[in-house]
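**Student:** return atomic coordinates for the entry below.
(one chain, ligands or ions: 1)
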Amino acid sequence: MQAGQCARFADRATCGTSSEFVAIPDSFISGGVPDADMVLFVASVPTDPDTNAWALACQTDKFGRPVAGIINFNLNNVDVSDQTWDRQLRTAVHETMHALGFSSNSFNKFIDRRTGKRYSADVPAQGQDIPGVTQSVTTRGHRVSYFVLPTAVAEARDHFNCPTLRGLEIEDGGSPSSAGSHLEKRVFYSDVMNPQAHTAPSYSRMALAVLHDSGWYDADFSKATVLKWGLRAGCPFAEDYCLAAGRVVAGGDKYFCPGPPSSGPKRRCTMDRYSVGQCGVYSWSKPLPAYYQYFPDTNKVTVALARACV
Ligand SMILES: [Zn+2]
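**Tutor:** Residues are numbered from 1 along each chain as shown. The predicted structure is shown next:
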């Protein structure tokens, strides 16, 4: 990168997907953008009606760091009322973090802060681990992937009070763009980088640590907020089935429903004790995989992304 210039955008004249994009001004291409570390295009191109927003990086520098990116908001789903401010802000921060590199497209470009070198020179095949960044193991009856980045793991071990925690579980549910690019909702339920918006989101040290461990940024951890979900809840909470043989996992009593409500919804306090919630159990169109079957009815589920529990 030249002093006073953003990286050139090569020959690329658009930023986005093949069908949803913005045009990059010619001046950005010919002259760069002075005094900018990154150019983030904020757009409202028509998109999938069920999507609130999406984001991606569209150009990187020679170190793999995104220098141009786009956030596209679906204006039909943007609610500007005061009551939804936290949720809307969370969406904007979430998408910005994707554009900054919290994305499966970027993980193989992460730089090990201890060596100054990339973790991997290769582009991994779909689902393949990136040594030092992600690791997959078979647990709870299926393949589960984790971030094993050093700062992020240290933060997660502290958060869950689990000194042996393998890593930060990566979301495996949802659309192809959701799986692999988020923290697992079951473990990081209200965190900014789980796949779904939450009314009371947290901006955890763990989410910041993933980008810190990219080697491209120094996270300001003083800006993080405490993730109440799973705080000091122990290893079983983070690693085991949320419900087994009709019993909630150790440390999980205030987070998980004990079973399907046999006589209507069971109302109870939410995990932060700020409101009243209920255990909603829904029918899936077909039996769930064996490792997600918590209830006698094999197609019953609560929150699909959260390993089918919560
Ligand atoms: Zn996302």
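
**Student:** got the domain ranges for the chain?
**Tutor:** What automatic domain parsing lists as the domains of the chain is 6-78, 110-223, 242-303.

**Student:** could you list every helix and strand in contact with the helix ranked longest in the chain?
**Tutor:** Longest helix in the chain, counting residues (DSSP state H): helix 85-100. Under the contact definition 3 or more Cβ pairs under 8 Å, 6 or more residues apart in numbering; DSSP states H and E, helix 85-100 sits against strand 53-60, strand 66-73, helix 205-212. Any C-beta I mention is one placed from the backbone N, CA and C, and that applies to glycine too.

**Student:** returning to that earlier point: between the domains of the chain, which gets the lowest average pLDDT?
**Tutor:** Per-stretch mean pLDDT for the domains of the chain is lowest at domain 242-303 (a mean of 73).

**Student:** list the buried residues for the longest helix of the chain?
**Tutor:** 88, 90-91, 94-100 (16 or more other Cβ atoms under 10 Å).

**Student:** would you map the strands across the stretch 151-300 of the chain?
**Tutor:** 168-169, 243-244, 247-248, 267-269, 276-278, 282-283, 300-301 (DSSP state E, counting those that start in this stretch).

**Student:** nearest to residue 227 among the ones you listed would be which one?
**Tutor:** strand 168-169 (11.6 Å; Cβ to Cβ).

**Student:** picking up where we left off before, following the longest helix of the chain, which helix or strand comes up?
**Tutor:** Sequence order places strand 111-112 as the next helix or strand after helix 85-100, per DSSP states H and E.

**Student:** against which helices or strands is that next one packed?
**Tutor:** Here strand 111-112 touches strand 117-118, going by 3+ Cβ pairs under 8 Å, 6+ apart.

**Student:** can you list the strands that the following helix or strand past the strand it packs on pairs with?
**Tutor:** Using DSSP H and E, the next helix or strand after strand 117-118 towards the C-terminus is strand 134-139. The strands beside strand 134-139 in its sheet (DSSP bridges) come out as strand 142-147 (antiparallel).

**Student:** for the strand it pairs with, output the C-alpha coordinates as CSV.
**Tutor:** The C-alpha coordinates for strand 142-147 follow below in CSV (Å, rounded to 0.1, in the frame of the first residue of the first chain):
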residue,chain,number,x,y,z
HIS,A,142,-21.0,-35.4,14.3
ARG,A,143,-18.2,-33.2,13.0
VAL,A,144,-17.8,-29.9,14.8
SER,A,145,-15.5,-27.1,13.9
TYR,A,146,-13.8,-24.6,16.2
PHE,A,147,-11.7,-21.5,16.1
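
**Student:** tell me which residues of it are tucked away?
**Tutor:** Using 16+ other Cβ under 10 Å as the test for burial, strand 142-147 gives 144-147.

**Student:** which one of those residues is nearest residue 55?
**Tutor:** Distance to residue 55, by Cβ to Cβ, is smallest for residue 147 among those, at 19.2 Å.

**Student:** so what's the closest one up against?
**Tutor:** 133-134, 153, 167-168, 170, 210 (Cβ atoms under 8 Å, 6 or more residues apart in numbering).

**Student:** any chance of the domains of the chain in TSV, plus distance to residue 236?
**Tutor:** Listed next are the domains of the chain as TSV, based on distance: least, Cβ to Cβ, whole Å:
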stretch	distance to residue 236
domain 6-78	33
domain 110-223	9
domain 242-303	4
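
**Student:** most packed of those?
**Tutor:** domain 110-223 (a mean of 18; mean count of other Cβ atoms under 10 Å).

**Student:** which one is the most centrally placed residue in the chain nearest to, not counting chain neighbours?
**Tutor:** Taking Cα atoms, centre = their mean, the centroid of the chain lies closest to residue 182, which sits 2.4 Å from it. Distance criterion Cβ to Cβ, 6 or more residues apart in numbering; nearest residue to residue 182, sequence neighbours excluded, is residue 171 at 4.0 Å.

**Student:** cool, residue 218 as well?
**Tutor:** Per Cβ to Cβ, 6+ apart, closest to residue 218 is residue 212, 6.7 Å.

**Student:** ok, that neighbour - contacts?
**Tutor:** 113, 151-152, 218-219, 221.

**Student:** would you point out the most distant pair within the contacts of residue 147?
**Tutor:** Pairwise distances across these (Cβ to Cβ) peak at 12.8 Å, for the pair 153 and 170.

**Student:** ok, back up a step: doesn't residue 194 make contact with the residue nearest to residue 182?
**Tutor:** Yes - when contacts are counted by Cβ atoms under 8 Å, residue 171 is listed as touching residue 194 (6.9 Å).
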